[in-house]
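# what's the 3D shape of this:
(chains A and B)
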2 protein chains.
Amino acid sequence: MKIIRGAEFTEELLRRNDSNQTDLEFDRNVLSIIDQVRSEGDQAVLNFTERFDGVKLDNLIVTEEEINEAEQAVTDDFYRALRSAKERITTYHEAQKEQSWFLNPNEGIMLGQKVTPIDSVGLYVPGGKAAYPSTVLMNALPAKIAGVGRISMVTPPQRDGKINPYVLVAAKEAGVDRIYKVGGAQAIAALAYGTETIEKVVKITGPGNAYVARAKKWVFGDVAIDMIAGPSEICVVADAHTNPIYAAADLLSQAEHDERAAAVCITTSEAFAAELSKEVERQLAELDRKEIATQSIEQFGRIIIVDSLEEAFDIVNRLAPEHLELMIDQPMEHLAAIRNAGAIFLGQHSPEALGDYMAGPNHTLPTSGTAAFSSPLGVYDFMKKSSIIYYSENALAEVADDVITLADAEQLTGHANSIKVRKAGY
Amino acid sequence: MKIIRGAEFTEELLRRNDSNQTDLEFDRNVLSIIDQVRSEGDQAVLNFTERFDGVKLDNLIVTEEEINEAEQAVTDDFYRALRSAKERITTYHEAQKEQSWFLNPNEGIMLGQKVTPIDSVGLYVPGGKAAYPSTVLMNALPAKIAGVGRISMVTPPQRDGKINPYVLVAAKEAGVDRIYKVGGAQAIAALAYGTETIEKVVKITGPGNAYVARAKKWVFGDVAIDMIAGPSEICVVADAHTNPIYAAADLLSQAEHDERAAAVCITTSEAFAAELSKEVERQLAELDRKEIATQSIEQFGRIIIVDSLEEAFDIVNRLAPEHLELMIDQPMEHLAAIRNAGAIFLGQHSPEALGDYMAGPNHTLPTSGTAAFSSPLGVYDFMKKSSIIYYSENALAEVADDVITLADAEQLTGHANSIKVRKAGY
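Below is the predicted model of the structure:
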């Protein structure tokens, strides 16, 4: 793993995800899928599923029997682990739930903020060779805790028309109401606009491939979406006391995700840097997903030597990493210096993988520098707010002239008039 | 104003804003502006400003002198009204500010949510004949209260190269740090990617025309945006006791905004409906913006008669109106029935215009049905969250096997390995 100095690499990393690529041909394809699903409904969904997933389906809905079958297929160990994760994720997310509030700033005035769950949500779960039951929990549980009335899930079928049993079991445990066998842009279009079988939702969350991401960008506005995830990253801040074996394993746990994933360590110790570099090479050789991890480490993996922790935190804040591990001495004392990060892992025994599955906070985090302006997925993503305004006759009378002045300055005399007609009666 | 029965009109209203229009030619124009600003910076911005705003500028930045000049140009009444609005908006939004929190669910575990302001924001303020100082307050004050480090504002120059004095004075009062004379898609591109003069920001908020809205959609992902506003609406729920003069004035205050604005009254009283219809026609004739309001009322203005308040609230929840006025008896008692609305105004003396300028809550509200999944602009839009995860050695040891089980189920053995290397030492 390459050892470098200075912050220049940060900019290179941030540029690796330029979402604003103007590939209008690709957009034309995505839009054509969306339009066909809107106009032809189920039939279009079934046709695209045959074309892209290689399977001719009779029924888009996963049946009770299929779920029962999946329950038989998974091990007791998996069940125990899944339930433990569910419990811990639930505890954390319940603490996130916001309450409605009001205040009475003056006599005769009540102002408030009413918090309400959204009516329905559609959760996208990727298919392919690997299955992601953790993604199901991390998306469905916050929605459940928020009080969303209807939670739908879409996931592309395998070539045999089935869905991975881990995913089905996780969906049942998390309280998903209905599961549809559909993936890609056609799934996003079906959730956004509805078909005969697939009920429309008001928000779509969950990760997906390039088609899914682009379709989400296009339906955004007609429905809400969570975020458009780019390649992900881990940043480990280390000093002379950091365990290089742990740090190497954590960097590689990110690198194995994707060739474009980034694993960066920033350290004040040259000796540590040298040890870490060797340890990464050693562990890399033993990984199942060696090819992917090697490409990631070569392209976007770096050990950056800095003179001070202040310099390290400056780089962290520019990078706004999805995962930040503070593997330094007394990490809690340095939290104030961190402005931009998706999740912050403290100490030697809080690896990213713990957060991916079990710790409690959500693993859906802002990637590729978007932690500078976005938050982890949370209960707040499944609720929305309404303002409450009550003024008594007297309270309105007190501000009437000021409102009229401001409305007149904006040449909106109809606005002014709605105050004047009341003032006439006072 | 037309009187109808039943809920069918709701669907028609919701369809009036189909944001997913696939006009790729328009996108090509918007993208070409964005690309030119990215590659040529200030020069492109100046060229587009000459072309679209008809003015050749030497300097994109509003100077101290120009602000001083503006301060001389506005009246004392305006100042007093502006400061009163600022105070009330500040009081409400300070109550919105979220705090960081943590919890200790088990021995050796600390989990938390750290809330941090975003570093910078760009506020778009429309130009044209009318000026909107209230928009400046409603966008800049929440950002200020959140603690955003740098607040930039962009607004298109008039043909004489100047900016409306009301807007400049509001920007100074609200604590905007820098004001640029630029509008349209070129302003959005400059804020998203930066030029020699215009510093890049991480989030863009504020309303704009079709070019602005589309440019925001395209830069979304590279920066955050607030929302893409569609045509707006008011929904008044009325009974036999509602004052038809007030209700008519409120409906028209919305209708005067835009030909595509919608003003709907839902009432249980046929007698009230008849009175209201006449009163709207009477007041309409006297409005300055009569042409706009007439078109809005004809196309999208309706009085809907229902049998019960339950039926009324059902329509409200389907419509998810931007502004909802409950002008019925005991409105507070019916709040529980309202799930979807941007702002809810209670009683006879809380007109929409009060909320637009003075009441305290934000006037930037989800339009065109998006209140089903979006919230008013708030302090929370200018802050983001980071998860905090700390597990002690013992706490990790307790869950180690479960994490490994889940990682293996997802075939992410590098993830499992990051736990195993630690477990080896326990």
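
# How is chain A divided into domains?
The record's domain parsing of chain A by automatic domain parsing lists A:2-17+A:232-360, A:24-225, A:392-423.

# Show the end-to-end separation of the shortest one, please.
The separation between the terminal residues of domain A:392-423, taken as CA to CA, to the nearest Å, is 13 Å.

# Please identify the buried residues of it?
Buried residues in domain A:392-423, counting neighbours by 16 or more other CB atoms under 10 Å in any protein chain shown, are found at A:392, A:395-400, A:402-407, A:409-410, A:412-422. Using the backbone N, CA and C atoms, a C-beta is placed for each residue, glycine as well.

# ok, back up a step: and the domains of chain A: which comes nearest residue B:220?
Closest to residue B:220 of the domains of chain A, according to CB to CB: domain A:24-225, at 7.3 Å.

# Mean pLDDT per helix and strand in chain A: which one sits at the bottom?
Every helix and strand of chain A was ranked by mean pLDDT, DSSP states H and E. The lowest is helix A:8-15, at a mean of 81.

# what about it, distance to the chain center?
Relative to its chain's centre, helix A:8-15 lies at 22 Å (CA atoms, centre = their mean, to the nearest Å).

# hmm, that helix in reach of chain B?
No: Helix A:8-15 stays clear of chain B (CB under 8 Å from any CB of the partner chain), getting no nearer than 10.0 Å.

# Show me what that helix is packed against.
Under the contact criterion of 3 or more CB pairs under 8 Å, 6 or more residues apart in numbering or on different chains; DSSP states H and E, helix A:8-15 touches strand A:262-267, helix A:309-319.

# As JSON lines, those with mean neighbour count and distance to residue A:60 would be great.
JSON lines is the format used below for the helices and strands packed on helix A:8-15 (neighbours: other CB atoms under 10 Å in any protein chain shown; distance: least, CB to CB, whole Å):
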{"stretch": "strand A:262-267", "mean neighbour count": "28", "distance to residue A:60": "37"}
{"stretch": "helix A:309-319", "mean neighbour count": "19", "distance to residue A:60": "42"}
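
# mind listing the strands for chain A?
Taking DSSP state E as the test, the strands found in chain A are A:2-5, A:101-103, A:109-117, A:120-124, A:150-155, A:178-181, A:203-205, A:224-225, A:233-238, A:262-267, A:302-305, A:323-326, A:343-346, A:383-391.

# tell me the contacts of residue A:7?
Residues in contact with residue A:7 (CB atoms under 8 Å, 6 or more residues apart in numbering or on different chains) are A:304, A:311, A:314-315, A:318.

# And residue A:36, by the same measure?
By CB under 8 Å, 6+ apart, the contact list for residue A:36 reads A:44, A:47-48.

# Dump the strands of chain A to JSON lines, plus mean pLDDT and distance to chain B.
Rendered in JSON lines, the data for the strands of chain A read as follows (pLDDT from 0 to 100; distance: least, CB to the nearest CB, whole Å):
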{"stretch": "strand A:2-5", "mean pLDDT": "93", "distance to chain B": "19"}
{"stretch": "strand A:101-103", "mean pLDDT": "97", "distance to chain B": "5"}
{"stretch": "strand A:109-117", "mean pLDDT": "98", "distance to chain B": "5"}
{"stretch": "strand A:120-124", "mean pLDDT": "97", "distance to chain B": "9"}
{"stretch": "strand A:150-155", "mean pLDDT": "98", "distance to chain B": "13"}
{"stretch": "strand A:178-181", "mean pLDDT": "98", "distance to chain B": "18"}
{"stretch": "strand A:203-205", "mean pLDDT": "97", "distance to chain B": "5"}
{"stretch": "strand A:224-225", "mean pLDDT": "93", "distance to chain B": "4"}
{"stretch": "strand A:233-238", "mean pLDDT": "97", "distance to chain B": "10"}
{"stretch": "strand A:262-267", "mean pLDDT": "97", "distance to chain B": "10"}
{"stretch": "strand A:302-305", "mean pLDDT": "96", "distance to chain B": "17"}
{"stretch": "strand A:323-326", "mean pLDDT": "98", "distance to chain B": "8"}
{"stretch": "strand A:343-346", "mean pLDDT": "98", "distance to chain B": "4"}
{"stretch": "strand A:383-391", "mean pLDDT": "98", "distance to chain B": "4"}
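
# could you dump these to CSV with distance to residue B:164?
Shown next, in CSV, are those (distance: least, CB to CB, whole Å):
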stretch, distance to residue B:164
strand A:2-5, 50
strand A:101-103, 33
strand A:109-117, 29
strand A:120-124, 42
strand A:150-155, 47
strand A:178-181, 52
strand A:203-205, 38
strand A:224-225, 34
strand A:233-238, 44
strand A:262-267, 46
strand A:302-305, 48
strand A:323-326, 44
strand A:343-346, 44
strand A:383-391, 27
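
# want to try TSV for the contacts of residue A:7, with distance to residue A:54 as columns?
Shown next, in TSV, are these (distance: CB to CB, whole Å):
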residue	distance to residue A:54
A:304	44
A:311	52
A:314	50
A:315	45
A:318	44
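
# Out of those residues, flag the one nearest to chain B.
Distances from chain B to the contacts of residue A:7, taken as CB to the nearest CB, are shortest for residue A:318 (10.0 Å).

# hang on, isn't the closest one packed against residue A:8?
No: here residue A:318 does not reach residue A:8: they are 10.7 Å apart, not a contact under CB atoms under 8 Å.
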